[in-house]
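K.L.:
just coords:
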Ligand code: H79
């Protein structure tokens, strides 16, 4: 009887626990969170067999092409045999990342199409078994990252348009895929956990796991408890984040925002207004696509991207900027140009971004603030007037100087704070940075 009630309790607990309850991050994990907070700038990489399609002439299509063009699995499966990125040079990629001032890379290990970009033993639907290239690009990239001191995170899609056991189906990957109307959800989760185990066992230290796709089946039981504790058991230091567009669940180590600054919802799917106390990250595209698209030339300017990065830093959030490498293994030249400009900016102004935390004044239309110790950096991004009134800080202001030439900023105390004099000839087109000592 006792045994039965214990069993019932276990069953009850396993259906009720939705995430890693009572999760206490290890010291190593907390240290990695601090590292993450300091790092501020990373490269997101969306690369898969969809890259070959290059959007198919549709500027709004890339890694979603299978679903958007309703390509059955039986046809989509032909793609891997065309994937042969002979110009892939991980040393070049990582050097570019370093020159851009980025501290980490997050790369797609498996996207929604279910194709593994690494040597997976639990599924032969992977780059080693199915492509003429035949090599594990994650392994090569990780080796180079280790050499050059860049951390590597793995994106992993929980959603899968190909696996038969991803059933009942979610909002996407429907009948067109050609799968039978049956499947065992727990078997799918076992498969996913087995792939995650490979990623956390065969590639040395993994910076983090970047989950995506839970929104496809928002009401399913994802048994996050099992997945999150598995990951933290394998590598306690690995940071878990999930792009479920909701407030973080226990077991997650950072919170992410897709193509929106924290708290904003211009995309329509970042429904949660909750900004948690966890480290934050915003991801953004350089044009309108994540994967490589041949016709989407709607590139954001380096000025726009720098300003978004600065605003993200004003929220304390990292900026994870995406590129979709071409099927030949090279990074799009337009993206390299942008990254090099951002890298030059970071070389000059990185002091006001790296290692900072959000500043005393929340980001608003005119700009943002960041802080490191007794220095507050005021970033003026968008201001026509030659004066700016700042609310008073908690601490007394000792001095205010222009970052660019170290000259003093004239300011007047008011009832509410200070009014700064910002003459036009002292202004910087991208970001006028003031160094405030408190
Ligand atoms: O990997 C990139 C994208 O492929 C993936 N996340 C980034 C990092 C991504 N997939 N979808 N989205 C981003 C946008 C989400 C749209 C949604 Fe919906 C709106 C999900 C739920 C509501 C569209 C409509 C999909 C389901 C219903």
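P.N.:
Cool, got the structure. A quick note: this is a predicted structure, and the numbers were derived from the prediction, not measured.
K.L.:
show me the contacts for the spatially closest residue to residue 110 that is not a sequence neighbour.
P.N.:
Spatially, and ignoring its direct neighbours in sequence, residue 110 is nearest to residue 116 (4.9 Å; CB to CB, 6 or more residues apart in numbering). C-beta coordinates here come from the backbone N, C-alpha and C atoms, glycine included. Residues in contact with residue 116 (CB atoms under 8 Å, 6 or more residues apart in numbering) are 109-110, 123, 125-127, 195.
K.L.:
same check, this time on residue 192
P.N.:
156, 158, 160, 227.
K.L.:
now do residue 312
P.N.:
261-262, 280, 282, 318-319.
K.L.:
Please repeat the previous calculation with a cut-off of 7 Å.
P.N.:
261, 282, 318-319 (CB atoms under 7 Å, 6 or more residues apart in numbering).
K.L.:
got the residues you listed as JSON lines, with distance to the ligand, pLDDT and secondary structure columns?
P.N.:
Listed next are the contacts of residue 312 as JSON lines, based on distance: CB to the nearest ligand atom, whole Å; pLDDT from 0 to 100; DSSP: H, G, I helix; E, B strand; the rest coil:
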{"residue": "261", "distance to the ligand": "16", "pLDDT": "96", "secondary structure": "coil"}
{"residue": "282", "distance to the ligand": "11", "pLDDT": "98", "secondary structure": "strand"}
{"residue": "318", "distance to the ligand": "14", "pLDDT": "98", "secondary structure": "strand"}
{"residue": "319", "distance to the ligand": "14", "pLDDT": "99", "secondary structure": "strand"}
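K.L.:
Need the max-distance pair from those.
P.N.:
For those, the maximum inter-member distance is 11.9 Å, found between 261 and 318 (CB to CB).
K.L.:
Between those two, tell me which one has more neighbours.
P.N.:
Applying other CB atoms under 10 Å to residue 261 and residue 318 shows that residue 318 carries more neighbours, namely 25 against 22.
K.L.:
can you give me phi and psi for the closest residue to that one other than its chain neighbours?
P.N.:
With CB to CB, 6+ apart as the criterion, residue 318 has its nearest non-adjacent residue at 4.2 Å, and that residue is residue 281. Main-chain torsions, residue 281, degrees, to the nearest 10: phi -150, psi 140.
K.L.:
Run through the bridge partners of residue 281.
P.N.:
residue 256, residue 318 (DSSP bridges).
K.L.:
for residue 376, same thing?
P.N.:
Beta-bridge partners of residue 376, counted by DSSP bridges, are residue 371, residue 436.
K.L.:
What's the local residue count around it?
P.N.:
Each residue near residue 376 was counted by other CB under 10 Å, and the total is 24.
K.L.:
Distance check, it against residue 289.
P.N.:
In this view, residue 376 and residue 289 are 37 Å apart by CB to CB, to the nearest Å.
K.L.:
where does the chain dip in pLDDT?
P.N.:
1-18 (pLDDT under 70).
K.L.:
Near the ligand, which residues of it? Just list them.
P.N.:
46, 63-64, 171-172, 212, 215, 243, 258, 269, 283, 290 (CB under 6 Å from any ligand atom).
K.L.:
Any of those buried? List them.
P.N.:
The neighbour-count test (16 or more other CB atoms under 10 Å) applied to the residues of the chain next to the ligand identifies 46, 63-64, 172, 212, 215, 243, 258, 283, 290 as buried.
K.L.:
May I see these arranged in TSV, with distance to residue 350 as well?
P.N.:
Below are these laid out as TSV (distance: CB to CB, whole Å):
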residue	distance to residue 350
46	26
63	31
64	35
172	39
212	29
215	34
243	27
258	25
283	20
290	26
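K.L.:
Give the bridge partners for the residue in the stretch 301-438 of the chain that the ligand sits nearest to, please.
P.N.:
Across the stretch 301-438 of the chain, no residue is closer to the ligand than residue 322, which sits at 7.6 Å (CB to the nearest ligand atom). Here residue 322 sits in beta bridges with residue 44, as judged by DSSP bridges.
K.L.:
Quick check: the two most widely separated of the buried ones among the residues of the chain next to the ligand?
P.N.:
Largest pairwise distance in those, by CB to CB, is 19.5 Å, between 172 and 283.
K.L.:
Give me the phi and psi for the residue nearest to residue 110.
P.N.:
According to degrees, to the nearest 10, residue 116 has phi -80, psi 130.
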